[in-house]
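Trainee: need a structure here:
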Amino acid sequence: MKISCLQENLAKGLSIVGRAVGTRSTLPQASHVLLASDEGRLKLVATNLEIAITCWIGAQVEEDGEITVPARLITDFVASLPNERIDLSLASRGRQLNLSCARNEASVAGMDAADFPPVPSVDDGFRLKLDPKALRTAIEHVEFAAAIDDTRPVLTGIHTLLEDGELTLAAADGFRLAVYKLTLDQDVPEKVEVIIPARAMRELMRLLAEEEEPLELAVNSARSQVLLRLKSVEMVATLIQGTFPNYSQLIPSSYTTRALIDMRQFLQETRIAAIFARDGSGIVRIQLQPGEDVAPGKMIVSARAEEIGEHRGEMDVKIEGEESKIAFNSKYLQDVLQVLDCSQVALETSTSSSPGVIRPVGVENYLHVVMPMFVQW
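Mentor: Numbers count the residues shown, from 1 in each chain. The predicted structure follows:
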């Protein structure tokens, strides 16, 4: 193996695949990255057995070859080198990768590439082209609502439904629900309903930041693997098996109070209240008071912590319906408000023990449901 490439390109490629390196796996190769020549390019692969990321970078290949080396070691070493050409070489049947860049040389003990976990192929099944910016926006609006702990594995994923020219992403953790609908510019030949790990979607969201060409989404016929193919990066993820909750039943069909609120002001008031809510179980109280005659309505955002203090902030808002009180977890409010790109949001409530619904005003394809917290008023 004898390959040359630019330090900048290799460092970027290693940082991309490094997100899939296994940290808790009992398999030593899962903490390694595979380096291999591939049709005149250098291929980098990393996997934690649930997600596999493959990245190709431009390189000058004199001799083909492949090896796996410790991911953290080579990533840190390459990142610290000057931005010049890196020469990689491997003796035939050897397991020692030699690297040289400017006046730096290193040798890294590797392992046989044949022992590296194979990346599942997704050749058969369903395929679809998607706009990268639109998909990134959709993921950004739902991924934070997925569960972190795996007591209910299906909730650690994002429910992905392709049907009737529309892509619907939904995530829930038992306390909140986010649903985003994306209209596609092509018909979906068959209904596809899968649960993609939220972690895989977060990695995809990062990769899409600089992507401009359409990406390919493919699901195998067994509905066990999903492939997400970008221009020079591919990610394969193992789908979560199970039945996602019927979330349409969790969305309130009516409300008694609806407030139209300036989004940035709402977020600012929530952040201020969250400072006091930290020592008060994260609870932020919201009171909605309709105005009389021509006077605007009023929203009071407050938080208090015993023996520490309390905060109360007021905002002028437009309110339809009755006076209302409801309390939320301050983190849940901040999570949804900081991803919205709109000037106004609507907060819909019915009772203090019923879920609240947040919708961006003028946007029909997104909603967020938040379960209330029970407090003494």
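Trainee: pLDDT below threshold where in the stretch 151-300 of the chain?
Mentor: Within the stretch 151-300 of the chain, the set of residues satisfying pLDDT under 70 is empty.
Trainee: so where do the strands sit in it?
Mentor: Using DSSP state E, counting those that start in this stretch, the strands of the stretch 151-300 of the chain run over residues 157-163, 166-172, 176-183, 192-197, 215-219, 225-229, 233-238, 257-262, 283-289, 297-305.
Trainee: want to throw the ones you listed into CSV with mean neighbour count and distance to S89?
Mentor: No exception for glycine: its C-beta is placed from N, CA and C like everyone else's. Shown next, in CSV, are the strands of the stretch 151-300 of the chain (neighbours: other C-beta atoms under 10 Å; distance: least, C-beta to C-beta, whole Å):
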stretch, mean neighbour count, distance to S89
strand 157-163, 21, 42
strand 166-172, 21, 45
strand 176-183, 20, 47
strand 192-197, 20, 37
strand 215-219, 20, 34
strand 225-229, 22, 30
strand 233-238, 22, 26
strand 257-262, 20, 61
strand 283-289, 22, 59
strand 297-305, 20, 61
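Trainee: now for those strands, which one comes closest to K2?
Mentor: strand 233-238 (24.7 Å; C-beta to C-beta).
Trainee: in the stretch 51-200 of the chain, which spans are helices?
Mentor: 71-79, 132-140, 198-207 (DSSP state H, counting those that start in this stretch).
Trainee: Which residue ranges make up the domains of this protein?
Mentor: If you go by automatic domain parsing, the domain ranges for the chain are 2-115, 126-248, 251-370.
Trainee: among these, which is nearest Q376?
Mentor: In terms of C-beta to C-beta, the element of those nearest to Q376 is domain 251-370, at 9.9 Å.
Trainee: Can I take it that T26 is in a helix?
Mentor: No. Checked against DSSP: H, G, I helix; E, B strand; the rest coil, T26 lies outside a helix; its state is coil.
Trainee: now the angle from the helix or strand hosting K318 to strand 297-305?
Mentor: Counting by DSSP states H and E, the element that carries K318 is strand 309-321. If you take axes from the mean of the first three to the mean of the last three C-alpha atoms, to 10 degrees, strand 309-321 sits at 150 degrees to strand 297-305.
Trainee: Can you list the helices and strands that strand 309-321 packs against?
Mentor: strand 257-262, helix 263-277, strand 283-289, strand 297-305 (3 or more C-beta pairs under 8 Å, 6 or more residues apart in numbering; DSSP states H and E).
Trainee: what does the second one rub up against?
Mentor: Helix 263-277 has contacts (C-beta atoms under 8 Å, 6 or more residues apart in numbering) with 282-284, 301-305, 308-311, 313, 315, 330-331, 333-334, 337-338, 340, 342-345, 360.
Trainee: hang on, the earlier thing: export the helices and strands packed on strand 309-321 to TSV and append columns for distance to A52.
Mentor: Output for the helices and strands packed on strand 309-321, formatted as TSV (distance: least, C-beta to C-beta, whole Å):
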stretch	distance to A52
strand 257-262	43
helix 263-277	37
strand 283-289	41
strand 297-305	44
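Trainee: I'd like to know which of the ones you listed lies nearest to T351.
Mentor: Short answer: strand 257-262, nearest of the helices and strands packed on strand 309-321 by C-beta to C-beta, at 9.6 Å.
Trainee: quick revisit: out of the strands of the stretch 151-300 of the chain, nearest to I86?
Mentor: strand 233-238 (20.0 Å).
Trainee: In terms of secondary structure, what does the closest one contact?
Mentor: strand 51-58, strand 192-197, helix 198-207, strand 225-229.
Trainee: Minimum distance to D173: which of the ones you listed has it?
Mentor: Shortest separation from D173 across these is recorded for helix 198-207, at 9.7 Å, computed as C-beta to C-beta.
Trainee: Identify each buried residue in that closest one, please.
Mentor: For helix 198-207, a neighbour-count test (16 or more other C-beta atoms under 10 Å) marks 198-205, 207 as buried.
Trainee: Could you dump the residues you listed into a markdown table and include distance to S80?
Mentor: As requested, those are exported to a markdown table (distance: C-beta to C-beta, whole Å):
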| residue | distance to S80 |
| --- | --- |
| A198 | 32 |
| R199 | 28 |
| A200 | 29 |
| M201 | 31 |
| R202 | 27 |
| E203 | 24 |
| L204 | 28 |
| M205 | 28 |
| L207 | 24 |
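Trainee: From these, pick the one nearest L161.
Mentor: M201 (14.1 Å).
Trainee: doesn't E8 fall inside a helix?
Mentor: Yes. According to three-state DSSP, E8 belongs to a helix.
Trainee: Quick check, it in contact with N83.
Mentor: Yes. Between E8 and N83 a contact is recorded at 5.3 Å, counting by C-beta atoms under 8 Å.
Trainee: I'd like to know which of the strands of the stretch 151-300 of the chain lies nearest to L367.
Mentor: That would be strand 176-183 among those, by C-beta to C-beta, at 5.6 Å.
Trainee: now the angle between strand 166-172 and the closest one, please.
Mentor: 170 degrees.
Trainee: follow-up on the earlier one: right, and the helices and strands packed on strand 309-321 - which one's nearest L42?
Mentor: Using C-beta to C-beta, these put helix 263-277 closest to L42, at 44.1 Å.
Trainee: quick one: G13 from V122, how far?
Mentor: 22 Å (C-beta to C-beta, to the nearest Å).
Trainee: now swap in Q376 and tell me
Mentor: Taking C-beta to C-beta, one finds Q376 at 53 Å from V122.
Trainee: Looking only at neighbour counts, state which of the two leads.
Mentor: For Q376 and V122, the more surrounded residue by other C-beta atoms under 10 Å is V122, and the numbers stand at 24 against 4.
Trainee: List the beta-bridge partners for the closest residue to that one other than its chain neighbours.
Mentor: Among residues not flanking V122 along the chain, L227 sits closest, at 3.8 Å (C-beta to C-beta, 6 or more residues apart in numbering). Here L227 sits in beta bridges with A218, V236, going by DSSP bridges.
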